[in-house]
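Peer 1: Show me how the following folds:
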Amino acid sequence: MGKLDNRTAVITGGSRGIGKGIGMCLAREGANVIFSYLKNEEAAAETVKELEKLGVKALTIKADVSNEADVVHMKNIVKETFGKINILVNNAGTIGLEVSVADMETEEWDKVIGTDLRGVFLTTKHFIPLIEKDPVGKIMNISSELSKKGREKYAHYAAAKGAINAFTKCLALELAPDILVNIIAPGPIETDMILLDMEPEWIEKEKEIPLRRLGKVEEIGAVAVLLASDDGNFFCGQFISPNGGAVFV
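Peer 2: Numbers count the residues shown, from 1 in each chain. Below is the predicted model of the structure:
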């Protein structure tokens, strides 16, 4: 018996990286998993196969979370296929370009805020009516350690994640005790995107934290399992940051 048997989770941006890691961990505890993806259809299809091998139902839906029509379409498919859900993980996001505020194009600002903040609002707004309240529903919003400490040339990303923190606290007050809302704020995590897209020097710089390594997606998934399961029924409006000591919160 798994901790999440007979429960259903929706994860935005779940085809790779942290989103996929969370989905796999929830599935290992028995949860059915629906996830959105934006571009990589091949990766999404492969993730569905991996989830189904764990004996759960899996479904992927192409959706841009910053586009309300896409979010409504995704919600309608989930409602028609599963009826209700138990868990919502707002994970889809982009870090954006490395650029100073003075040099940042407005379009770049809008793109990051649109995906990282507007997307969380839209998905939450439209999926709240589908979340079961017995057992208590769960929402997890993925923030970042940078929402606390900031970083030069990533003001758009840090601002979006800081706003997610405030949004989560307000939402937690609105929905408790029927739906519990919390923040997971990862530190530097070893994902395929980082390993493929970032220079080795950048990766080594990220390891300059007390634990001297990048975190694993499974370590973020373990936090998600805690919050999604009955073990997490006394967490409400909390900022949980598995970050290897990158920032003390």
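
Peer 1: Extract the CA atoms of stretch 22-33 and return them as CSV.
Peer 2: The C-alpha coordinates for stretch 22-33 follow below in CSV (Å, rounded to 0.1, in the frame of the first residue of the first chain):
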residue,chain,number,x,y,z
ILE,A,22,7.9,14.9,-8.2
GLY,A,23,5.5,13.0,-10.5
MET,A,24,7.6,9.8,-10.3
CYS,A,25,7.8,10.1,-6.5
LEU,A,26,4.0,10.6,-6.2
ALA,A,27,3.4,7.7,-8.5
ARG,A,28,5.6,5.4,-6.5
GLU,A,29,3.3,6.0,-3.6
GLY,A,30,0.2,5.1,-5.7
ALA,A,31,-0.9,8.5,-7.1
ASN,A,32,-2.3,8.8,-10.7
VAL,A,33,-0.4,11.6,-12.4
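
Peer 1: got a list of contacts for it?
Peer 2: For stretch 22-33, contacts defined as C-beta atoms under 8 Å, 6 or more residues apart in numbering pick out 1-9, 11, 14, 35, 47, 50-51, 54, 56-59, 82, 86-87, 89, 91, 217-218, 220-222, 224-225, 228-229. No exception for glycine: its C-beta is placed from N, CA and C like everyone else's.

Peer 1: hmm, 6 Å instead?
Peer 2: 2-5, 7-9, 11, 14, 35, 51, 54, 56-58, 89, 221, 224-225 (C-beta atoms under 6 Å, 6 or more residues apart in numbering).

Peer 1: any idea of the mean pLDDT for it?
Peer 2: What stretch 22-33 shows for mean pLDDT is 98.

Peer 1: How about stretch 140-154?
Peer 2: Stretch 140-154 comes out with an average pLDDT of 96.

Peer 1: And that stretch, what's buried?
Peer 2: Neighbour-count burial for stretch 140-154, counted by 16 or more other C-beta atoms under 10 Å, picks out 140-148, 154.

Peer 1: So what would you say the end-to-end distance of it is?
Peer 2: Terminal residues of stretch 140-154 are spaced 23 Å apart (C-alpha to C-alpha, to the nearest Å).

Peer 1: longest helix anywhere in the protein?
Peer 2: Identified as the longest helix of the chain according to DSSP state H is helix 155-175.

Peer 1: Show me the shaky parts of the protein.
Peer 2: 193, 195-198 (pLDDT under 70).

Peer 1: Centroid-nearest residue for it?
Peer 2: Taking C-alpha atoms, centre = their mean as the criterion, residue 91 is the residue nearest the geometric centre of the chain, at 2.0 Å.

Peer 1: distance of the residue of the chain positioned farthest from its centre from residue 155?
Peer 2: Computed with C-alpha atoms, centre = their mean, the residue of the chain farthest from its C-alpha average is residue 102, at 29.4 Å. According to C-beta to C-beta, to the nearest Å, residue 102 stands 10 Å off from residue 155.

Peer 1: Please report phi then psi for residue 123.
Peer 2: Taking degrees, to the nearest 10, you get phi -60, psi -40 for the backbone angles of residue 123.

Peer 1: show me the contacts for residue 48.
Peer 2: 58, 60.

Peer 1: From residue 54, how far out is it?
Peer 2: Distance from residue 48 to residue 54, by C-beta to C-beta: 11 Å.

Peer 1: In CSV, could you pull the C-alpha coordinates for stretch 88-95?
Peer 2: Output for stretch 88-95, consisting of C-alpha atoms alone and laid out as CSV, is shown next (Å, rounded to 0.1, in the frame of the first residue of the first chain):
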residue,chain,number,x,y,z
LEU,A,88,-2.0,20.2,-7.6
VAL,A,89,1.6,21.0,-8.1
ASN,A,90,2.3,24.3,-9.7
ASN,A,91,5.8,23.6,-11.1
ALA,A,92,5.9,25.0,-14.7
GLY,A,93,8.4,27.8,-15.0
THR,A,94,11.3,29.4,-16.8
ILE,A,95,14.4,31.0,-15.3
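
Peer 1: Thanks a lot, see you next time.
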